[in-house]
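*Asks:* predicted structure and sequence below. I'll ask about it afterward.
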Amino acid sequence: MKAIRLSFFQMLQYMRRDMMLFVACFAPILAGLMFRYAIPFLEIVLTDLFNLPAIISPYYALIDIFFAMLSPVMFCFVSAMVSLEEVDENTAAYLFITPLGKTGYLAARFGVPAVIAFIITTILLPVFKLTSLSFVEIISLTIGGTLQGIIISLLIVTLSSNKLEGMAVTKLSTLMIFGAVIPFFIKHNIQYVLFLLPAFWIGKAISENTPFCVLLAFALSAIWIFFLLKQYLQKI
Amino acid sequence: MRLRGLFLWDIRFQAKYGFYFLYAVLTVIYTIIILAVPENWREKTATVLIFSDPAAMGLFFMGAIILLEKSQHTPCAFAVSPVRPAEYIISKVGSLATVSFVVAAALALAADVTNLCIVLLGTVISSTIFTLLAIIIATNIISLNQFILWVVPVEILCFVPAILHLFQITPGWLRHYPLNVCMEMLAGFTPSIAGIFLVMVLIVFLFFLSKHCVVKMWNGMGGVKL
């Protein structure tokens, strides 16, 4: 436990050097303020401009889903970048043979940031939400977002062997989040083409008010994480 | 000859690290999005997609490209080779603009845009501006997280006015803002002479600034974190 704590603080020091720590602390609040106040303002401007009763407001629930994913994806992405730098510099291999070990390394780089992101989102989502979400919905969205963040960071570190490949994988893997958009816009059965994406089921749960779909999202996320972890451990 | 070699090396580098695979996948996804939206929205959707991704790919990847080159000690080799900073920059701009051009052409054809030549010219010009800006940032950073942070204000300054301009919610005088001129071209409109002049002035300024930054980076090799 001490090794995990020390390794996590070492990562924080690394992030502090890049100002990333400062940004990671304030970005969710800034984004939350923008989501909470700028989007409704933009809705007023746009509805006036185009003379329509609603443009963005039917999708406020989707914006809440994105906000629930924002902090976990950002925190896990930053950790994945640090981890990629450690692989590039060959320091990760040395950390594995210290008392930290592979499991401790994974906990320090992905587990702890995910838990922190979960706590932050649980606090911020009720403050900045645009729709009336119940406590259970808030927790479900936060868990879904956190699992999504872990999946993206594991995809980055598993499928790439350096920073450049990491950026390419980041671009592709963040598209997974947009699975949440589909149930809001495509009602035809063709939407199920994306059934493997956990975000798709979260979007479906909120857009169609079917809480059961959240459980599907959790189960799918667990499968993704299990296979990615297995691949990552084989790789390192 | 040197420039051709550099250009081909950059193309190989991009292919090796999966750029072409990535953009092939993204092109398919973006095409599906364009075909999925209502017909009267297609052209605007394609314009936003081209401007924010293939045209701006330099802003996303240049930090990783230059940092990877640093970790492979390539700038040290460049510093003692006959390669000139201008050639290095032109090769980077040219190779990324080529990918942007091909992806933009596919998306523009999917959206059935009215003025394909202007759209593609706008893509190349936008890509040049974004790549030059990215080189300036990437040569001054020491980690990927730092690059990602510095790119955010640049993206805000480039994207927000241009996207607002596309939807005609900007004041008239902002029409000559270089990125708005690029956006107009991507939307298929012929730009004004004054607009094109300002875009050219910006490109020349960014080129010389990036040249200065590349020289500084090459001269500073050895004391930075690789």
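*Replies:* Good, I have the coordinates. Numbering: from 1, shown residues only, chains lettered A, B, ... in the order given.
*Asks:* on contacts alone, who are the packing partners of whatever helix or strand A:Gly145 lives in?
*Replies:* For A:Gly145, the host element (DSSP states H and E) is helix A:135-159. Judged by 3 or more C-beta pairs under 8 Å, 6 or more residues apart in numbering or on different chains; DSSP states H and E, helix A:135-159 is in contact with helix A:60-88, helix A:112-128, helix A:163-174, helix A:198-207, helix A:212-235. Every residue, glycine included, has its C-beta placed from N, CA and C.
*Asks:* for the record, mean pLDDT for that helix?
*Replies:* Helix A:135-159 shows a mean pLDDT of 91.
*Asks:* of the helices and strands packed on helix A:135-159, flag the one that's most buried.
*Replies:* Of the helices and strands packed on helix A:135-159, the one with the most neighbours on average (mean count of other C-beta atoms under 10 Å in any protein chain shown) is helix A:198-207, at a mean of 26.
*Asks:* using CSV, write down the CA coordinates of that one.
*Replies:* Output of helix A:198-207 as CSV, limited to C-alpha atoms (Å, rounded to 0.1, in the frame of the first residue of the first chain):
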residue,chain,number,x,y,z
PRO,A,198,-20.5,0.5,-22.9
ALA,A,199,-21.2,4.2,-23.6
PHE,A,200,-23.9,3.1,-26.1
TRP,A,201,-25.8,1.3,-23.3
ILE,A,202,-25.4,4.3,-20.9
GLY,A,203,-26.9,6.5,-23.6
LYS,A,204,-29.7,4.0,-24.1
ALA,A,205,-30.4,3.8,-20.4
ILE,A,206,-30.8,7.6,-20.1
SER,A,207,-32.5,8.3,-23.4
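*Asks:* got CSV for the helices and strands packed on helix A:135-159, with mean pLDDT too?
*Replies:* What follows is the helices and strands packed on helix A:135-159, written out as CSV (pLDDT from 0 to 100):
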stretch, mean pLDDT
helix A:60-88, 86
helix A:112-128, 90
helix A:163-174, 82
helix A:198-207, 92
helix A:212-235, 90
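*Asks:* among the ones you listed, which is nearest B:Pro82?
*Replies:* Taking C-beta to C-beta, helix A:163-174 is the member of the helices and strands packed on helix A:135-159 nearest to B:Pro82, at 26.0 Å.
*Asks:* which residues of chain B lie near chain A?
*Replies:* B:17-19, B:22, B:25-26, B:29, B:36, B:60-61, B:63-65, B:67-68, B:71, B:143-146, B:148-149, B:169 (C-beta under 8 Å from any C-beta of the partner chain).
*Asks:* for residue 158, grab the count of nearby residues.
*Replies:* Since no chain was named, I'll use chain A. Residues near A:Thr158, counting by other C-beta atoms under 10 Å in any protein chain shown, number 20.
*Asks:* I was thinking of chain B, sorry if that wasn't clear
*Replies:* Neighbour tally, B:Cys158, other C-beta under 10 Å: 26.
*Asks:* isn't it right up against B:Ala134?
*Replies:* No - if you go by C-beta atoms under 8 Å, B:Cys158 and B:Ala134 don't touch, sitting 10.9 Å apart.
*Asks:* what is in contact with these two at once?
*Replies:* Listed as contacting both B:Cys158 and B:Ala134 by C-beta atoms under 8 Å, 6 or more residues apart in numbering or on different chains are B:Leu59.
*Asks:* which among the residues of chain B next to chain A count as buried?
*Replies:* B:17-19, B:22, B:26, B:60-61, B:63-65, B:67-68, B:71, B:143-146, B:148-149 (16 or more other C-beta atoms under 10 Å in any protein chain shown).
*Asks:* filter these down to the ones in helices?
*Replies:* Of these, the ones assigned to helices by DSSP state H are B:19, B:22, B:26, B:60-61, B:63-65, B:67-68, B:71, B:144-146, B:148-149.
*Asks:* from these, which single one is nearest B:Thr114?
*Replies:* Proximity of those to B:Thr114 was ranked by C-beta to C-beta; the top entry is B:Leu26 with 23.8 Å.
*Asks:* was I right to think A:Asp88 contacts A:Asn162?
*Replies:* Yes - using C-beta under 8 Å, A:Asp88 and A:Asn162 qualify as a contacting pair, with a distance of 5.7 Å.
*Asks:* can you list residues touching both of these two?
*Replies:* The overlap between the contact sets of A:Asp88 and A:Asn162 (C-beta under 8 Å, 6+ apart) consists of B:Ser71.
*Asks:* with adjacent residues omitted, what lies nearest to A:Thr170?
*Replies:* Closest residue in space to A:Thr170, ignoring its immediate chain neighbours: A:Ile156 at 5.6 Å, by C-beta to C-beta, 6 or more residues apart in numbering or on different chains.
*Asks:* tell me the secondary structure for B:Val83?
*Replies:* Assigned with DSSP: H, G, I helix; E, B strand; the rest coil, B:Val83 falls in the coil class.
*Asks:* neighbours around it, how many?
*Replies:* 17.
*Asks:* how about B:Pro153?
*Replies:* Residues lying near B:Pro153 (other C-beta under 10 Å) number 10.
*Asks:* thanks a lot, see you next time.
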